[in-house]
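Structure for this input, please:
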Amino acid sequence: MHFPTSLNDIDFVMLVSAAAVILNIIGYMMKTMIPLRVVAMTTNCLFILWSTLAAIYPTLILNIILFPINALRFWQMKRLIRQVNDAANGDLSLDWLKPFTTKRHFDAGTTLFQKGDPASELHFIMSGRFRVVERGIDIGAGGIIGELGLLEPGKARTATIECIETGETLAVSYDHVMQLYFQNPTFGFYFLQLSTARLFHTIKSLEEENAALRAANARLGSTTSA
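Sure thing, here's the model as predicted:
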């Protein structure tokens, strides 16, 4: 094997191999998925070029296999970002998350979870009706239940949910939600938007209940005075 002793000994093949190695190291150090995949695909191309020129066929075959895998993952993440942007600019729907979920069936009378239970997943309701017992609120198809458990400090359920009409949900684990959250800031924004909308809805409902209670107390006071 000949080792270079001067700049004149450094040829194109050696430069390509050096660039491939450097990019490979950089790829292992990266934390965000899309730039990592771009670097990985570039590294694959450089290794394919180098191994072809140097006639090193195992490396050539390996990177020919790895390039389409990295390209597929890159395309999937870009598609996910586009879908999140569409969702964030429209209504609060999790339709785009369906490929990442598991279908669950619940019969009427079934309790999905009790308040205080450990929380590990949220549910997108496909059919049927489900009741938030503590508040007496029914949630039907298109609704979401269980997302606040992820934000609760103890990862516990914040309410009891019962199935009052047989239906199906799509469940997505908090682990998957957290992976998407940290890999994609846009998804993080979407999830916060979703959770905030539910919290504001809860606050509005409580305000309406308090207003109704005050009005009832005022009428009761007027009747008593009379």
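
now the strands for the chain?
Taking DSSP state E as the criterion, the chain carries its strands at 102-106, 111-113, 121-125, 129-132, 137-139, 144-145, 161-165, 167-173.

Determine the longest helix present in this structure.
helix 185-225 (DSSP state H).

and that one, what does it pack onto?
In this structure, helix 185-225 packs against helix 57-88, helix 174-183, with contacts taken as 3 or more C-beta pairs under 8 Å, 6 or more residues apart in numbering; DSSP states H and E. All C-beta spots, glycine's among them, are computed from the backbone N, C-alpha and C.

looking at these, which has the lowest confidence?
Least confident of the helices and strands packed on helix 185-225, judged by mean pLDDT, is helix 174-183 with a mean of 75.

got the contact list for it?
The contact list for helix 174-183 (C-beta atoms under 8 Å, 6 or more residues apart in numbering) reads 32-33, 77, 80, 100, 119-122, 149-150, 155, 187-188, 191.

of those residues, buried ones?
By neighbour count, with 16 or more other C-beta atoms under 10 Å, the contacts of helix 174-183 hold 33, 77, 80, 119, 121-122, 149-150, 187-188, 191 as buried.

And the residues you listed, which is closest to V132?
The closest of these to V132 turns out to be G149 (C-beta to C-beta; 12.8 Å).

where's that closest one relative to F191, distance?
From G149 across to F191, the span is 13 Å (C-beta to C-beta, to the nearest Å).

returning to what we had before: with the buried ones among the contacts of helix 174-183 in mind, which one is nearest to H105?
Each of the buried ones among the contacts of helix 174-183 was scored against H105 by C-beta to C-beta, and E121 proved nearest at 15.0 Å.

Report how many residues lie close to the residue nearest to F191 when sequence neighbours are not counted.
Excluding the flanking residues, the one nearest F191 by C-beta to C-beta, 6 or more residues apart in numbering is Y181, at 6.1 Å. Y181: 17 surrounding residues under other C-beta atoms under 10 Å.

sorry, back to before: ok, which of the helices and strands packed on helix 185-225 comes nearest F130?
helix 174-183 (18.8 Å).

tilt between that closest one and strand 102-106?
Between the axes of helix 174-183 and strand 102-106, defined by axes from the mean of the first three to the mean of the last three C-alpha atoms, to 10 degrees, the angle is 140 degrees.

Buried residues, helix 174-183. List them.
Going by neighbour count (16+ other C-beta under 10 Å), the buried part of helix 174-183 is 174, 176-177, 180-181, 183.
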